[in-house]
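Student: okay, here's the prediction I keep looking at, along with the sequence it came from:
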Amino acid sequence: MEFMHLGIKISVSDPEIRRIVLERLGGEDLAAELISTPPRIGTEWSEHGGIYAGVVRGRDGAPDTHLIIGPAYEGDLTWDEAVAFAKGVTQKGFTDWRLFYRPEGAVAYANVPELFAGKTHWTCEQHADYPGYAWYQHFSNGTQRSWGKDGKLRARAVRSVIIQ
């Protein structure tokens with residue numbers, strides 16, 4: 001993270017050191033404000049454990065969130081295997097990884113499709129009318145459709161951070 005203080009450009013990469021520097025320079029309010037400022041889309045947001053993909057509107061009155069893209073599974077998985085993979089991810093101390101929701105998949109397709117290599121990825125959402133089906137996001141053309149959970153597609157872990 002880079003920021004200016006009294007006309008001096010400061011660059012600190014370690015999140016804990018950054019927090020200490022910011023608190024000493026401007027108090028906890030400045031530290032919280034600057035640490036929560038997201039980086040450019042498609043770049044690493046180290047204090048949140050992955051690559052920043054953009055803002056996702058909250059559903060049903062929930063707050064809006066920042067979407068963070070984490071590790072990908074190398075290969076194809078059934079839906080149940082993909083859900084288990086994402087839940088099992090621990091990266092940079094974060095354990096709240098999961099598959100993305102459909103709106104998050106659309107944001108990822110719009111903002112960081114290069115992270116998904118044009119492949120079809122499972123979402124965490126099951127089809128409401130067909131329990132044996134779940135939704136996927138296709139990263140070569142942006143479509144979302146459902147497919148049998150026993151089919152094999154790609155999986156990538158994501159997490160969301162509530163916008164304060």
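Tutor: Received the coordinates, thanks.
Student: which residues are in contact with stretch 41-48?
Tutor: Stretch 41-48 has contacts (Cβ atoms under 8 Å, 6 or more residues apart in numbering) with 13, 15, 18, 35, 38-39, 50-54, 66, 68, 92, 94, 111-112, 114-115, 159, 161. From N, CA and C alone the C-beta is placed, and that goes for glycine too.
Student: could you identify the buried members of these?
Tutor: 15, 18, 35, 38, 50-54, 66, 68, 94, 111-112, 115, 159, 161 (16 or more other Cβ atoms under 10 Å).
Student: now stretch 126-146: buried residues?
Tutor: When neighbours are counted by 16+ other Cβ under 10 Å, the buried residues of stretch 126-146 are found to be 126, 133-139, 144, 146.
Student: got the domain ranges for the chain?
Tutor: Under the assignment automatic domain parsing, the domains of the chain span 2-35, 44-162.
Student: hey, which of those is tucked in deepest?
Tutor: domain 44-162 (a mean of 17; mean count of other Cβ atoms under 10 Å).
Student: lowest average pLDDT across the domains of the chain?
Tutor: Among the domains of the chain, domain 2-35 has the lowest mean pLDDT, at a mean of 56.
Student: out of the buried residues of stretch 126-146, who's nearest Tyr101?
Tutor: Trp135 (8.9 Å; Cβ to Cβ).
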